[in-house]
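J.: For reference, the sequence and a predicted model appear below.
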Amino acid sequence: MFNPERDDRRLAELRLAALDVSPVAGLTHCHYKYPARFSPKFVSAVLKEFSKPGDLVLDPYMGGGTTIVEAMAGGRRAVGCDLNSLAVFVTRAKTTSLTNMDERQICAWATAVVPSLSYHDTDHRLKEALCEKRTRNLHLPHARPIKKFIALALVSLDALDSVQAKEFARCALLNASQWALNGRKKHVALSDFRARLTRVSLEMLQASASLRSAKQASCQSDVFSSLIHDSAENLSSHYPFSSGDRADLVVTSPPYPGVHILYHRWQVNGRRETPAPYWIANCLDGKGESYYTFGTRKENQHDEYFKQSLRTLESIRSVMKDGAVMAQMIAFSKPRSQLKRYLDNMSKAGFKEIRTSSGRPARAWRDVPGRSWHASLQGSTHSAREVALFHVAV
């Protein structure tokens, strides 16, 4: 059980980690820039203070998989859950081990096949690869050449033998395409895109090797990641929780009430949305924004958000050990009222906020670095600040 008088030092260190605004880097974190991702340094600090090698760590809203990557690197067993198939794809690409053959084939694809692709190439498989519904708004002038090149690159993946090699290459293509298309106001030359894709692929191979080395250095034979594509409401029905195992620690960043974050689309040519990430990743996107954020930001009181939030928090508590810690990073469009409602939900779900020896809540507010994910907001807003919350399961 957490002891505030003994653990004030630990809380002070966690506050410093929560305030870290350095660019996301290291391991496989840069495979893809998932919206609203949080600092690996914060996750690493929480893992160090509240878990030990071999423990089971859960992220019920895993997003881009920061917690899963850091947990595996630290010799923990990791379980991630997300509604978004793109989040599951990205996290799987970040955490799947490649064979030597996979690495050789990906390297050959990046250095020999990709540089040889040309906009003027024709291939009978292109028509099938160019799905108009899944490439909506990529027909516009500055995106059109990139669109065809992506299709050519997707067709070229047939030369890779394994599923994990194909998914890794798709993730590299996702990375380069996000750079070339998402929020871009100026045209990206195909030569620059081609060079970027080659460079990113090779960098990702090095990053994957660094994660593999970190797992080996942990000396834990049972390090694994289990990824769940489902609502956090249903955690107990999935492995390993269905077999009676329980989480020793939860580190996560839940949806933010009333804050507009495009988890599932890119914005091209003047903020026109495209589902192209799902086309490239070869996964399905059949839902609107509110599905991924517990309700639309246009709802005044956000009652639906707090109803769904409570259901998921109760589910999370049911798969945690008594005394386990839940650390989370969250922002609010109306902090004064919404923070109280969220803390009420935490209490109803069976959590108690951790306090220092002086009785103050162990929270840490910070300015959000890189606010591009607030796609509809400009200037100074309440949601430009996040708060780190620490609770214990009681």
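T.: Yes, it's here.
J.: Give me the contacts around stretch 188-196.
T.: For stretch 188-196, the surrounding residues in contact (Cβ atoms under 8 Å, 6 or more residues apart in numbering) are V114, P115, L117, Y119, H142, P145, I146, F149, A176, W179, A180, L181. To be clear about C-beta, it is placed using only N, CA and C from the backbone, and glycine gets the same treatment.
J.: Is it correct that A165 is in contact with I106?
T.: Yes - shown here, A165 and I106 form a contact pair, counting by Cβ atoms under 8 Å, at 5.6 Å.
J.: so what sits against both of those two?
T.: Residues touching both A165 and I106 (Cβ under 8 Å, 6+ apart) are L98.
J.: average pLDDT for stretch 170-183?
T.: Averaged across stretch 170-183, pLDDT comes to 94.
J.: what comes up buried for that stretch?
T.: Judged by neighbour count using 16 or more other Cβ atoms under 10 Å, the buried positions of stretch 170-183 are 170-182.
J.: Now do stretch 57-64: distance to the chain's middle.
T.: In this view, stretch 57-64 has its centroid 8 Å away from the chain centroid, taken as Cα atoms, centre = their mean, to the nearest Å.
J.: So for it, mean pLDDT?
T.: When pLDDT is averaged along stretch 57-64, the result is 95.
J.: okay, how far is it across that stretch, tip to tip?
T.: For stretch 57-64, the separation between the terminal residues is 16 Å (Cα to Cα, to the nearest Å).
J.: Remind me which helix or strand the residue nearest the centre of the chain belongs to.
T.: In the chain, the residue lying closest to the centroid (Cα atoms, centre = their mean) is G64, at 1.4 Å. For G64, there is no enclosing helix or strand under DSSP states H and E.
J.: and the closest residue to it other than its chain neighbours, how far is that from K348?
T.: Beyond its immediate neighbours in the sequence, the residue positioned closest to G64 (Cβ to Cβ, 6 or more residues apart in numbering) is Y34, lying 2.8 Å away. Computed with Cβ to Cβ, to the nearest Å, the distance linking Y34 and K348 is 29 Å.
J.: Please apply the same query to M62.
T.: Remark: distance between M62 and K348 (Cβ to Cβ) = 24 Å.
J.: where are the low-confidence patches of the stretch 251-394 of the chain?
T.: Scanning the stretch 251-394 of the chain for pLDDT under 70 picks out the ranges 260, 263, 286-293, 295-301, 369-384.
J.: what about the strands in this structure?
T.: Counting by DSSP state E, the segments of the chain that form strands are 56-59, 77-82, 225-229, 247-252, 266-268, 272-274, 320-331, 351-353, 364-367, 385-393.
J.: quick one: the second one to strand 247-252, angle?
T.: To tie it back to what came earlier, the one meant is strand 77-82. Here strand 77-82 runs at 40 degrees with respect to strand 247-252, directions being taken by axes from the mean of the first three to the mean of the last three Cα atoms, to 10 degrees.
J.: what packs against strand 77-82?
T.: Helices and strands touching strand 77-82, by 3 or more Cβ pairs under 8 Å, 6 or more residues apart in numbering; DSSP states H and E, are strand 56-59, helix 66-73, helix 85-95, strand 225-229.
J.: any chance of these in JSON lines, with mean neighbour count and distance to P254 too?
T.: Shown next, in JSON lines, are the helices and strands packed on strand 77-82 (neighbours: other Cβ atoms under 10 Å; distance: least, Cβ to Cβ, whole Å):
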{"stretch": "strand 56-59", "mean neighbour count": "28", "distance to P254": "10"}
{"stretch": "helix 66-73", "mean neighbour count": "28", "distance to P254": "12"}
{"stretch": "helix 85-95", "mean neighbour count": "24", "distance to P254": "13"}
{"stretch": "strand 225-229", "mean neighbour count": "19", "distance to P254": "16"}
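J.: right, so of the ones you listed, which gets closest to L339?
T.: Relative to L339, the nearest member of the helices and strands packed on strand 77-82 by Cβ to Cβ is strand 56-59, separated by 21.4 Å.
J.: List the strands paired with that closest one, with their directions.
T.: Using DSSP bridges, the neighbouring strands of strand 56-59 in the sheet come out as strand 77-82 (parallel), strand 247-252 (parallel).
J.: one step back: you'd agree the residue nearest to the centre of the chain is up against A93?
T.: No - when contacts are counted by Cβ under 8 Å, G64 is not listed as touching A93 (10.2 Å).
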